[in-house]
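Asker: please work out how this folds:
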Amino acid sequence: MSKKPILKSISIVFIIGLGIFFSSCAHFRTTVIDPQLIRSNCNQHNAYSYRLDELPQPIHELTIPTLLSNEISETSLNIANAIEVLDLLKEFTELKRRYSTTGNLEDKISMLEIKQDIIGKINHSSLEVSAVSSELDCEDERIGQIANYLAGKEQNTESNLTIGAIIAGASGAIATGILIGKDKASDYIGLGTGIVEASLGLMMLFNKRKTELYYDRNALKEIWEGNKTSPSFPPSVWYYLNYHNPNDKDHPPIRTQIIEKWMSFGQISDDNPKEKQELVELYFGKGGEYTAEQLQNRADMYDQLKSHINLMKQDLQVLSIELSSFLSIEDVRGSKT
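Answerer: Residues are numbered from 1 along each chain as shown. Sure thing, here's the model as predicted:
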C-alpha cells in the first residue's frame with residue numbers, strides 16, 4: 001500500500017482532531033438567555049426602610065407581667081414582641097386585673113378595642129410573612145427553571161457526543177476490519193478512532209455551560225451579612241430571624257442556623273478558601289456567571305430560607321391559640337358580670 005492513502009488517513013484524523021478541539025472550546029462559552037426570561041418580577045413592592053430603633057427590643061431585656069407569663073408561653077411572648085403586640089398585651093393584662101374586681105364598663109370597652117387591635121396585628125403579620133415567603137418562593141422557582149434550562153442544554157450536548165462516539169467507534173471498527181493485513185493502514189485507522197473517541201469523552205467530561213445572572217435585590221446577601229436592618233425583610237421578620245437569648249447557647253439565631261445549613265449542605269464550603277470566596281462573591285454580591293449546579297444551589301438556598309420563614313406562621317398560629325383564652329372577656333369576672 002502506497003504512502004499517499006496513509007498520509008490521507010493521517011490528515012483526516014488531524015482535521016477531525018482540530019474540529020473536535022475547537023468545538024469542545026465552544027462548550028465553555030456563556031449561554032445567552034433572553035433577558036425577558038431571567039428578569040425577576042418576584043418583588044412587587046419597594047425595599048423595606050426602617051431604623052434600628054424601630055425594631056422590637058429583645059424580649060429578654062423586657063419585664064413581663066406575671067399574669068401574662070403564666071398564661072402565655074415564652075415562644076409566643078417572643079413572637080408577640082416581634083409583631084409589636086406585647087405592649088397591647090401588657091395593657092390588656094392590667095385592664096383585665098382591674099376589671100375582675102371593679103367591673104368598670106369603660107375598662108371592658110377598652111379591652112374589646114385592644115383585643116381587636118391584637119387580632120388585626122396578628123392577621124397583618126401573617127400576610128406580611130406570606131408576602132416575604134411568596135417572593136422567596138418565586139425566586140426559588142425562577143432560578144430553578146434557569147438551572148434546568150442549562151442542564152437541558154448540557155444533556156442534549158452530551159447525548160450528541162455519545163452518539164458521535166458510538167458512530168466513530170463503529171466506523172473505526174468497520175474500517176479496521178476491511179483494512180486488516182494491508183500494511184499499517186488499519187493501525188492508523190485505529191489510532192484515529194481512538195483519538196476521536198477520547199476527544200469526545202473529554203468533551204462530555206468538560207461539558208459545562210454558564211449563563212450570566214445579575215440582581216439588585218438579594219435576600220441571601222442580607223442573611224449572610226446580618227446587618228442591623230434589612231431592605232428585604234420587614235422589622236417583624238428580621239427580628240424573628242436574628243433574635244437570640246444570650247442565656248440560651250443551645251439555640252442560636254435562626255439566621256445563624258440557616259447559614260450553618262448552607263455550609264453543611266455544601267452550598268458554601270470551607271474546604272477551599274479561594275473557592276469559598278468566589279462563591280460568596282457570586283451568591284451574595286451582584287451576580288455573575290453561573291453554572292447549572294451553582295444555580296441549583298442558589299435555588300436550594302432560597303428554599304431553605306423560605307422554609308424557616310414559614311415557621312414564623314406556625315408561631316403566629318400558636319400565639320393566636322393561646323390568646324383565644326387569654327383575651328376572653330366574658331369570664332373575667334365570673335358570676336359577678
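
Asker: how about residues contacting stretch 262-279?
Answerer: Val280, Tyr283, Gln294, Asn297, Arg298, Asp300, Met301, Gln304 (Cβ atoms under 8 Å, 6 or more residues apart in numbering). Where you see a C-beta, it was placed from the backbone N, CA and C, and this is true even at glycine.

Asker: where does the third one land on pLDDT?
Answerer: Same thing as Gln294. You'll see Gln294 listed with a pLDDT of 94.

Asker: am I right that it is in contact with Leu282?
Answerer: Yes. Counting by Cβ atoms under 8 Å, Leu282 is a contact partner of Gln294 at 6.8 Å.

Asker: who's more crowded, the two?
Answerer: Using other Cβ atoms under 10 Å, the more surrounded residue of Gln294 and Leu282 is Gln294, with 20 against 17.

Asker: wait, what's in contact with the more buried one?
Answerer: Taking Cβ under 8 Å, 6+ apart, one finds Leu279, Leu282 in contact with Gln294.

Asker: for Met312, see how far away it is.
Answerer: Here Gln294 is placed at a distance of 29 Å from Met312 (Cβ to Cβ, to the nearest Å).

Asker: same check on Ile122?
Answerer: For Ile122, the distance to Met312 - Cβ to Cβ - is 12 Å.

Asker: quick one, which of the two is more surrounded?
Answerer: Met312 (23 against 19).

Asker: quick one, phi psi at that one?
Answerer: In terms of degrees, to the nearest 10, the main-chain angles of Met312 are phi -60, psi -30.

Asker: go on, Lys210?
Answerer: phi -130, psi 160.

Asker: that one pairs with what?
Answerer: Thr30, Thr291 (DSSP bridges).

Asker: neighbours around Ser73, how many?
Answerer: Neighbours around Ser73, by other Cβ under 10 Å: 13.

Asker: give the full set of residues in contact with Pro65.
Answerer: Here Pro65 is in contact with Lys90, Thr93, Glu94 (Cβ under 8 Å, 6+ apart).

Asker: repeat that with 7 Å
Answerer: For Pro65, the contact set (Cβ atoms under 7 Å, 6 or more residues apart in numbering) comprises Lys90, Thr93.

Asker: which pLDDT does the model give it?
Answerer: So Pro65 comes in at 90 (pLDDT).

Asker: quick one: it and Asn81, what's the gap?
Answerer: Counting by Cβ to Cβ, the gap from Pro65 to Asn81 is 13 Å.

Asker: now swap in Ser49 and tell me
Answerer: 22 Å.

Asker: the more surrounded of the two?
Answerer: With neighbours defined as other Cβ under 10 Å, Ser49 and Asn81 compare such that Asn81 has more, 23 against 8.

Asker: can you tell me how far the more buried one sits from Arg51?
Answerer: Counting by Cβ to Cβ, the gap from Asn81 to Arg51 is 18 Å.

Asker: with Glu84 instead?
Answerer: Taken as Cβ to Cβ, the span from Glu84 to Arg51 is 15 Å.

Asker: more neighbours: the two, which one.
Answerer: For the pair Glu84 and Arg51, the greater number of neighbours falls to Glu84 (16 against 9), based on other Cβ under 10 Å.

Asker: give me the three-state assignment for that one.
Answerer: Assigned with DSSP: H, G, I helix; E, B strand; the rest coil, Glu84 falls in the coil class.

Asker: identify the residues contacting the nearest residue to it once chain neighbours are set aside.
Answerer: Distance criterion Cβ to Cβ, 6 or more residues apart in numbering; nearest residue to Glu84, sequence neighbours excluded, is Pro56 at 6.1 Å. For Pro56, the contacting residues are Asn81, Ala82, Glu84, Tyr239, by Cβ under 7 Å, 6+ apart.
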